[in-house]
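> Quick check, what structure comes out for this input:
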Amino acid sequence: MNPKLEVRESSLGGRGVFACEKITVGELLAVFGGRVMKASDEIGDWAVQVDENLVIGHPPGIDAADDPINFLNHSCEPNAGIKGQIMLVAMRTIDGGEEITFDYGMVLHPSTGCTPYRMECRCGSPYCRSVITDEDWRLLDLQQRYKGWFTWYLQEKILRR
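This next block holds a predicted model:
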């Protein structure tokens, strides 16, 4: 996690990751890490999808509750996006005090044998979709707005469509 970031209470609910000082466009914010595993309902939200049936994150049984990267919240109007498979970077200049958010649609895709992902959104953005799913990457407006900000494997799927 970039040293310019800290975890504190979020207006989106619970805790979030915030900039302590100004962050420039393209600056690396965080690198998702852990173990590459087969996607499963048991893993839930504690990992980032890197392929149709693979995720990277903390395996079940490992207490990851205090890992700062787990407090990155969703927004339908994010200030951060994905580069490659596991890097989170600033999509625009981020001011000190601003919460770091990314659109979970940038990393989600249905996985064989897993319950479809569904999350009620409370971001309050004019772009708010109200419900976030693992099918959102298919939305043309998101594909246009986030071109180049999806995980590598999702961007490849979009380009092949």
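
> who does Asn73 bridge with?
Taking DSSP bridges as the rule, Asn73 bridges to Thr101.

> which ones are touching it?
Neighbouring residues of Asn73 by CB atoms under 8 Å, 6 or more residues apart in numbering: Ser10, Leu12, Gly14, Gly16, Val17, Glu99, Thr101. C-beta: built from backbone N, CA, C; applies to glycine.

> cutoff 10 Å now
Going by CB atoms under 10 Å, 6 or more residues apart in numbering, Asn73 touches 10-17, 99-102, 104, 122-123.

> Then Arg35?
Taking CB under 10 Å, 6+ apart as the test, what Arg35 contacts is Ile43, Ala47, Val55, Ile56, Gly57, His58, Pro59, Ile62.

> picking that back up, farthest-separated two in the contacts of Asn73?
Based on CB to CB, the longest span within the contacts of Asn73 runs between Ser11 and Tyr104 and measures 17.8 Å.

> I'd like the contacts of Arg35 laid out as a markdown table, including distance to Lys83, pLDDT and neighbour count.
As requested, those are exported to a markdown table (distance: CB to CB, whole Å; pLDDT from 0 to 100; neighbours: other CB atoms under 10 Å):
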| residue | distance to Lys83 | pLDDT | neighbour count |
| --- | --- | --- | --- |
| Ile43 | 23 | 84 | 20 |
| Ala47 | 18 | 86 | 24 |
| Val55 | 18 | 93 | 24 |
| Ile56 | 15 | 93 | 18 |
| Gly57 | 18 | 89 | 25 |
| His58 | 22 | 84 | 19 |
| Pro59 | 25 | 83 | 14 |
| Ile62 | 26 | 75 | 12 |
